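1. Task: produce atomic coordinates for the following.
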Amino acid sequence: MEKETLIIVGAGAAGLMAARELSGRFDITMLEAQAIAGGRIESIKVDGHTIEAGAEFVHGDLPVTRKLLKEAGLAVSAIAENMYRKVGDELVDDTPTAGWEEMLEKMGSLKEDTNLRDFLDRHYAEDNSTALRQQAISFASGFDLADAETASVHALYKEWSAEEERQFRVVNGYRGLIDYLRENCIAAAAVIRTNATVKTISWEKGKVTVTLASGDSLVADKILVTVPVSLLQKTESVAKISFTPSLDDYEQAAAEIGFGAVLKVVFKFKAPFWEKLNGFIFSEEIFPTWWTQGLSAKEWITGWKGGPEAALLSSQDNESLLDLALASLGNIFDLPVAALRDLLEHAEVFNWQHNPYSRGGYSFSMVGTEAARQLLNEPVAQTIFFAGEALYEGPCPGTVEAALTSGLSAAKKITAASLR
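-> Residues are numbered from 1 along each chain as shown. Modelled structure (predicted):
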């Protein structure tokens, strides 16, 4: 008996995880628009150090991620979780702003969801709440890449009130996990085609025809689409996929899921002028958040800017962004930019908004996102399925864990549909 045929669009974490699960049951072809698999996971080696251009942290004892890392023989190391904040002329231990816990209680008691801006305007409009408002908005944009004008208070509460867990890095980079999944898929006879941009998906129940930018076409019984949700929204990207017949409800659902911007810079200096500081540093600078890379890579430091302001800055060229990042770092440590340039040995800028196959960092929940996710997690005529970190409904949004879990969930649905 011949296997059913399945096309998977996107060879990121979600697509590869689904392919690994389904390779024994289906004849699988994966179509990846970029030159290599991995999606928003990209590890770069420089001077023996691993730079993570995209996903970097393992946020706690995540069941799917940690199990896979162990299976692949990939080590993790705990990161330093010391937190500092620039206040006036000093770097001090970072502590929650007064009233933070009370604010979380109010967020948790909110019966009807609203966006963060409206919530703060309603409950914290007084002058003496300015610092709390600023911290909430900064945390939403910096950590969640969320826009306060649209971000769901219910979703933020669920995430912010969760018990904090220890964070880790994959010692030699997340690329090892992608390579492991990719090798598993190839060993199970899945075909992975790179530089294969999908333009149209024509479908009827039990059959899809995929047309590539090259003009090639492929036919299969089912299809799993794992591209970033930004590419399912109305967009001018070269990676935009058109469906025939159209899936207007699904496109509208995709538009109701937020997708945040992020800028990431990585510097190597001749010596670590941050002295004994090891961990995360927060500030009000243009690049507000920085973290060190640990004692084994003490000359390296990473800068981060997320959310709407990152989107506005993303149109600038890399050299301009480097200037802004160096100025931010100089202001935090009271050092002239010229001195930093003399110490600088290597610099990288990662502007994910310029990547046409992602157009940003990762998803966040808006008011209405929960219903949108539910629709996107429902297959179309048991023929078209969707997966990706934006469709994940658990406690770890915007993570590799979210993508892997979504891929597993989609694999189960596809298997169930094939048994009917």
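
2. drop to CA atoms for contacts and neighbour counts, all remaining ones
-> Will do.

3. OK, contacts around residue 356?
-> Counting by CA atoms under 8 Å, 6 or more residues apart in numbering, residue 356 makes contact with 237, 238, 239.

4. try 6 Å
-> Residue 356 sits next to residue 237 when contact means CA atoms under 6 Å, 6 or more residues apart in numbering.

5. pLDDT at it, what is it?
-> Here, the pLDDT recorded for residue 356 equals 94.

6. Also residue 1?
-> Taking residue 1 on its own, its pLDDT is 58.

7. and the host helix or strand of residue 108, what other elements does it pack with?
-> Taking DSSP states H and E as the criterion, residue 108 maps to helix 100-109. Of the remaining helices and strands, none touches helix 100-109 by 3 or more CA pairs under 6 Å, 6 or more residues apart in numbering; DSSP states H and E.

8. buried set for it?
-> Within helix 100-109, the residues scored as buried using 16 or more other CA atoms under 10 Å are 103, 104, 107, 108.

9. Can you tell me what sits against that helix?
-> residue 157.

10. ok, back up a step: quick one: the buried residues of helix 100-109 as TSV, columns for pLDDT too.
-> Shown next, in TSV, are those (pLDDT from 0 to 100):
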residue	pLDDT
103	97
104	97
107	98
108	97
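
11. and the helix holding residue 108, how far out from the chain's middle?
-> 26 Å (CA atoms, centre = their mean, to the nearest Å).

12. what's downstream of it, the next helix or strand?
-> Beyond helix 100-109 toward the C-terminal end (DSSP H and E), the next one is helix 116-123.

13. So which bits of that following helix are buried?
-> Within helix 116-123, the residues scored as buried using 16+ other CA under 10 Å are 116, 117, 118, 119, 120.

14. Show me the helices in the stretch 201-350 of the chain, by range?
-> 248-255, 308-313, 318-333, 337-343 (DSSP state H, counting those that start in this stretch).

15. Could you do the stretch 51-200 of the chain as well?
-> 63-72, 100-109, 116-123, 130-144, 153-160, 175-187.

16. looking at the ones you listed, which is closest to residue 32?
-> For residue 32, the closest of the helices of the stretch 51-200 of the chain is helix 175-187, at 12.0 Å, according to CA to CA.

17. Show me which residues of the closest one are buried.
-> 175, 176, 177, 178, 180, 181, 182, 184, 185.

18. And the residues you listed, which is closest to residue 162?
-> Out of these, the member with the shortest distance to residue 162 (by CA to CA) is residue 177, at 26.5 Å.

19. Against residue 301, how distant is residue 279?
-> For residue 279, the distance to residue 301 (CA to CA, to the nearest Å) stands at 10 Å.

20. same question, residue 385
-> On the measure of CA to CA, residue 385 and residue 301 end up 40 Å apart.

21. who touches both of residue 279 and residue 301?
-> 291, 292.

22. So for the two, which sits in the more crowded spot?
-> residue 301 (23 against 17; other CA atoms under 10 Å).

23. quick one, what contacts residue 218?
-> Neighbours of residue 218 in contact, by CA under 6 Å, 6+ apart: 209, 210.

24. and what of residue 287?
-> If a contact means CA under 6 Å, 6+ apart, then residue 287 has 304, 305, 325, 328 as its contacts.

25. how far away is residue 240 from residue 102?
-> Using CA to CA, residue 240 is found at 43 Å from residue 102.

26. cool, residue 175 as well?
-> Distance from residue 175 to residue 102, by CA to CA: 41 Å.

27. Repeat that for residue 262.
-> Taking CA to CA, one finds residue 262 at 29 Å from residue 102.

28. ok, now residue 307?
-> 25 Å.

29. dump the residue contacts of the residue positioned nearest the centre of the chain.
-> Nearest to the geometric centre of the chain sits residue 362, at 3.4 Å (CA atoms, centre = their mean). Each residue near residue 362 by CA under 6 Å, 6+ apart is listed here: 259, 260, 398.

30. Next: residue 26.
-> 3, 4, 5.

31. Any idea what the last one is bridged to?
-> By that I understand residue 5. Residues in a beta bridge with residue 5, per DSSP bridges, are residue 27.

32. pretty sure it is in contact with residue 223, am I right?
-> No. Counting by CA atoms under 6 Å, residue 5 sits too far from residue 223 to count as a contact (8.6 Å).

33. Please identify which of those two sits among more neighbours.
-> Shown here are residue 5 and residue 223; by other CA under 10 Å, residue 223 has more neighbours (30 against 17).

34. so how far is residue 206 from that one?
-> When residue 223 is compared with residue 206 (using CA to CA), they lie 10 Å apart.

35. same question, residue 392
-> 26 Å.

36. out of the two, which sits in the more crowded spot?
-> Higher neighbour count among residue 392 and residue 206: residue 392, with 24 against 14, using other CA under 10 Å.

37. Which stretches in the stretch 251-400 of the chain count as strands?
-> 257-259, 262-269, 279-282, 289-292, 300-306, 344-351, 363-365, 384-386 (DSSP state E, counting those that start in this stretch).

38. nearest to residue 246, of those strands?
-> strand 384-386 (12.1 Å).

39. Quick one: low-confidence residue ranges for this protein.
-> Scanning the chain for pLDDT under 70 picks out 1, 420.

40. Quickly list the domain ranges of the chain.
-> 4-46+51-58+69-74+172-257+366-418, 97-160, 261-354 (automatic domain parsing).

41. separation between residue 195 and residue 117?
-> 41 Å.

42. Determine the longest helix present in this structure.
-> For the chain, the longest helix by residue count, based on DSSP state H, is helix 400-418.

43. Which of the helices or strands spans residue 17?
-> Residue 17 belongs to helix 13-22, assigned by DSSP H and E.

44. which outside residues touch that helix?
-> If you take CA under 6 Å, 6+ apart as the criterion, helix 13-22 is touched by 185, 226, 388, 403, 404, 407, 408, 411.

45. Can I get that helix in PDB, CA atoms only?
-> Coordinates of the C-alpha atoms in helix 13-22 are reproduced here as PDB (Å, rounded to 0.1, in the frame of the first residue of the first chain):
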ATOM      1  CA  ALA A  13      11.600  23.900  14.100                       C
ATOM      2  CA  ALA A  14       7.900  23.200  13.700                       C
ATOM      3  CA  GLY A  15       8.200  21.800  10.200                       C
ATOM      4  CA  LEU A  16      11.200  19.500  11.000                       C
ATOM      5  CA  MET A  17       9.500  18.300  14.200                       C
ATOM      6  CA  ALA A  18       6.300  17.400  12.300                       C
ATOM      7  CA  ALA A  19       8.300  15.700   9.500                       C
ATOM      8  CA  ARG A  20      10.300  13.600  11.900                       C
ATOM      9  CA  GLU A  21       7.000  12.400  13.500                       C
ATOM     10  CA  LEU A  22       5.300  11.700  10.200                       C
END
